[in-house]
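Engineer: No sequence on hand, only this structure:
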């Protein structure tokens with residue numbers, strides 16, 4: 001900006017900061033407004049003209065406040081806030097000043113902060129409303145109480161500087177922040193009602209601004225919230241029985257008609273308990289429960305005897321927790337103590353009965369001032385709207401608390417139809433949470449399976465704590481490739497052969513110089529060691545709980561993360577009427593229920609609206625699927641359009657082979673690590689031929705695809721629509737995707753319709769109906785026979801063309817095969833089975849005879865012999881890999897020139913690495929794997945150096961700049 005223009009702008013602003021008060025309109029008795037500025041002057045003696053205020057104001061405290069309020073409102077209309085400086089009883093006057101009339105001393109505040117002895121206190125930056133010293137506004141005046149006239153008056157005199165403002169700009173009347181006392185009583189009541197519904201101060205202020213046109217100050221908005229909270233406390237505090245948070249919570253749950261709850265509490269009425277001494281271990285404490293599974297009914301009381309407690313808490317952790325808590329709070333022996341409470345409402349029960357195939361369990365913090373963890377049991381509807389079926393305030397995240405939820409709360413509070421429909425539960429990696437669920441599966445969730453959230457497992461695990469800040473750009477990209485490579489095992493792999501090949505390629509690539517050598521842009525030994533440690537300790541032992549091919553036929557709707565629960569947590573805390581960390585437990589419960597009711601009403605309105613609504617702009621293939629929800633309409637229409645990209649071959653009368661007809665051909669820039677598609681080039685992707693079979697059930701023909709998408713999502717895939725060769729129909733999908741299911745299932749008054757929908761769901765077929773029109777001739781297809789046969793599920797796995805690994809493995813007759821791993825089953829503390837897998841870094845090449853190539857057989861036994869002989873030779877693992885590839889190339893009878901070139905290149909790379917190490921006066925151990933005993937989370941690991949130390953330090957050569965081989 002030009003300096004002259006800047007100075008002109010500053011002068012213009014400075015000139016506007018000096019202004020005269022033109023008018024302060026005050027209503028008079030005659031109904032007209034009087035300008036108080038005509039009576040304000042320097043000479044405040046009782047001479048000259050004066051303005052007599054109306055007779056309705058006397059000298060009492062209430063009348064003084066009313067008059068001061070009226071004058072402040074008049075000043076706000078005069079473009080500045082007015083401040084009352086109090087009642088001077090000696091001179092019997094009220095003093096008023098401009099809000100910028102008093103200054104603050106900034107130097108004094110800084111000295112006070114510097115003189116603090118406790119350095120741990122954090123100094124906050126204060127934004128002062130008052131001006132600095134020497135820049136005060138001189139505007140001020142007083143009104144006097146005239147005893148002889150019994151009225152208030154404003155004396156006039158010489159007009160002058162008392163009407164003069166400086167050092168601040170004038171304000172519009174709508175910009176002046178007012179107190180709550182300025183607002184009408186009816187508007188204040190509306191603001192209090194909004195505060196009782198947990199509306200934040202910003203929403204309350206905006207509401208009053210729209211209704212009255214006034215802006216309230218921050219202290220006034222805070223006062224509204226405090227009054228609302230005080231009223232809520234008085235509501236429960238009127239009765240002495242409702243004084244604690246636990247009593248308020250139980251009273252609220254019992255008084256709410258559509259809420260079902262289950263509470264567990266300790267009510268000691270036996271002499272086994274002593275307040276200040278540890279309870280005698282002669283028997284288990286008998287706990288009490290209060291359960292109301294039918295809304296509007298009476299809560300049933302029950303005593304948990306030793307047999308039930310042993311099932312919930314076999315270790316006795318519950319008794320120890322109760323004893324510690326009672327001693328900490330010094331509770332008397334006859335006082336109850338609420339341990340935990342779980343609740344739900346009628347609409348949440350109905351939604352759970354409709355859409356409970358896949359559920360997510362999560363625990364969140366920061367919802368109450370008692371610091372109790374909140375358990376949420378969440379899912380998603382057919383319209384992709386998340387919901388929570390059950391909430392529970394737990395005393396702690398322990399095994400007995402989760403076991404109480406899985407075995408007592410959920411089976412008693414949620415409907416049986418939903419429990420029988422559950423197929424998958426996703427949790428994070430907390431073994432206390434999912435371990436107790438695994439124990440409860442045989443009894444309560446016989447058709448359900450458990451899966452670990454891949455987002456928590458990968459992106460919230462120890463691997464993400466690895467320090468990559470000092471790595472180069474290429475090393476960071478390679479680390480990102482590793483993350484996406486691992487994620488492909490959780491989201492894209494479909495068979496165990498593909499999984500073995502992909503894991504083998506990754507581990508073998510991590511041993512290559514491209515990943516190890518930092519001079520070549522690699523990640524370095526330290527980072528690679530952490531990756532291997534993460535794979536061997538945190539990932540591979542739990543393969544059955546996260547690998548996608550284990551859940552290929554499970555009704556999971558292609559979900560592998562607990563995003564449902566995270567969305568519910570976000571909506572619970574971040575919406576305007578959500579819970580806050582300073583809420584009490586009963587207030588948080590009330591906020592959760594009221595927010596759920598609002599979301600339920602909106603969800604029902606949307607479902608009823610969509611029942612008769614149709615898309616304004618829709619393609620021709622939407623004609624026969626208008627009775628389905630919008631989400632599935634778009635899905636099956638997309639699959640129908642994608643069927644054009646597939647080729648078909650008919651090998652038999654009841655079988656079809658379908659394969660992708662065109663793969664994207666990447667350009668040469670894919671091999672550049674700066675390209676956005678570099679991950680696609682590095683991560684192996686596989687060619688697959690889908691087998692679509694005709695299944696006959698009760699005389700009807702149905703199509704079933706080997707991709708298992710219908711089993712996962714209850715809707716056909718593109719391979720089935722390739723065989724059908726017709727537009728989608730509403731009967732192609734499961735009945736759960738219909739709009740009638742979303743609106744009427746288990747709705748009061750529609751029991752007959754609900755029974756019919758449930759019967760249709762039970763009779764669900766493995767695929768859509770097929771009418772054999774003989775349009776596909778047996779033995780013929782759109783491509784040749786070998787094009788489909790080579791990528792059948794029964795054939796060796798083939799990597800897609802144009803991938804980095806396609807030339808090395810797909811064009812050879814064999815493929816990488818993971819060595820057999822040794823598994824041990826060790827019973828865990830929760831009774832479940834833990835798998836301890838010893839990962840082997842050796843991989844073998846399994847070959848087949850091919851008529852087009854003269855290649856000898858390389859058996860797994862021969863490869864293992866080579867590997868064992870090299871390991872006994874005492875050479876480093878890196879040198880072993882060099883000779884390993886050399887021997888393999890000889891056994892497989894590859895081209896001798898190619899083998900020599902490969903060997904020569906690896907030798908040159910090894911010599912180059914040894915040269916760099918020699919400059920650093922040490923040798924680097926390139927062994928891969930966990931290099932330390934402790935978990936390598938957040939540590940910057942370095943390779944182990946073994947330099948030949950000289951006895952005399954002065955004999956050492958001058959120190960050179962050492963290359964950082966640790967990444």
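Structural biologist: Alright, I've got the coordinates. No experiment lies behind these values; they were computed from the predicted model shown.

Engineer: Got the domain ranges for this structure?
Structural biologist: The record's domain split for the chain, according to automatic domain parsing, is 16-112+126-178, 190-237, 245-453+562-601, 464-545+857-967, 615-789.

Engineer: deepest of the ones you listed, which one?
Structural biologist: Across those, the average number of neighbours (mean count of other C-beta atoms under 10 Å) peaks for domain 245-453+562-601, which reaches a mean of 18. To be clear about C-beta, it is placed using only N, CA and C from the backbone, and glycine gets the same treatment.

Engineer: Quote the end-to-end distance of it.
Structural biologist: Domain 245-453+562-601 has its terminal residues 29 Å apart, counting by C-alpha to C-alpha, to the nearest Å.

Engineer: packing partners for the longest helix seen in the chain?
Structural biologist: The longest helix of the chain (DSSP state H) is helix 585-612. Contacting helix 585-612 under the criterion 3 or more C-beta pairs under 8 Å, 6 or more residues apart in numbering; DSSP states H and E are the following elements: helix 245-255, strand 337-345, helix 346-354, strand 386-393, helix 563-574, helix 739-744.

Engineer: Report the angle between that helix and strand 337-345.
Structural biologist: 10 degrees (axes from the mean of the first three to the mean of the last three C-alpha atoms, to 10 degrees).

Engineer: Now do whichever helix or strand comes after helix 585-612: which elements does it pack against?
Structural biologist: Counting by DSSP states H and E, the next helix or strand C-terminal to helix 585-612 is helix 630-642. Judged by 3+ C-beta pairs under 8 Å, 6+ apart, helix 630-642 is in contact with helix 718-724.

Engineer: neighbouring contacts of the helix it packs on?
Structural biologist: Residues from elsewhere that reach helix 718-724, judged by C-beta atoms under 8 Å, 6 or more residues apart in numbering: 639-640, 642-643, 645-646, 648, 656, 658, 690, 692, 703, 705, 707, 710, 716, 728, 767-768, 770, 776.

Engineer: circling back to that earlier point, could the domains of the chain be laid out in JSON lines, adding mean pLDDT?
Structural biologist: Shown next, in JSON lines, are those (pLDDT from 0 to 100):
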{"stretch": "domain 16-112+126-178", "mean pLDDT": "73"}
{"stretch": "domain 190-237", "mean pLDDT": "74"}
{"stretch": "domain 245-453+562-601", "mean pLDDT": "83"}
{"stretch": "domain 464-545+857-967", "mean pLDDT": "64"}
{"stretch": "domain 615-789", "mean pLDDT": "87"}
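
Engineer: nearest to residue 804, of those domains?
Structural biologist: domain 615-789 (5.5 Å; C-beta to C-beta).

Engineer: quick revisit: now render the helices and strands packed on helix 585-612 as JSON lines, adding distance to residue 263.
Structural biologist: Formatted as JSON lines, these follow (distance: least, C-beta to C-beta, whole Å):
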{"stretch": "helix 245-255", "distance to residue 263": "6"}
{"stretch": "strand 337-345", "distance to residue 263": "4"}
{"stretch": "helix 346-354", "distance to residue 263": "18"}
{"stretch": "strand 386-393", "distance to residue 263": "10"}
{"stretch": "helix 563-574", "distance to residue 263": "21"}
{"stretch": "helix 739-744", "distance to residue 263": "32"}
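
Engineer: Looking at the ones you listed, which is nearest to residue 201?
Structural biologist: Using C-beta to C-beta, the helices and strands packed on helix 585-612 put helix 563-574 closest to residue 201, at 15.8 Å.

Engineer: Show me what the closest one is in contact with.
Structural biologist: 359-362, 364, 366-367, 376, 378-380, 386-388, 426, 455, 578-580, 592, 595, 599.

Engineer: Among those residues, which ones are in helices?
Structural biologist: Going by DSSP H, the helices hold 455, 592, 595, 599 from the contacts of helix 563-574.

Engineer: Out of these, which comes closest to residue 436?
Structural biologist: So of those, ranked by how close each gets to residue 436 (C-beta to C-beta), first place is residue 455, at 22.0 Å.

Engineer: which ones are touching the closest one?
Structural biologist: 561-563.

Engineer: hmm, back to that, can the ones in helices among the contacts of helix 563-574 go into a markdown table with extra columns for distance to residue 62?
Structural biologist: A markdown table is the format used below for the ones in helices among the contacts of helix 563-574 (distance: C-beta to C-beta, whole Å):
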| residue | distance to residue 62 |
| --- | --- |
| 455 | 62 |
| 592 | 42 |
| 595 | 41 |
| 599 | 46 |
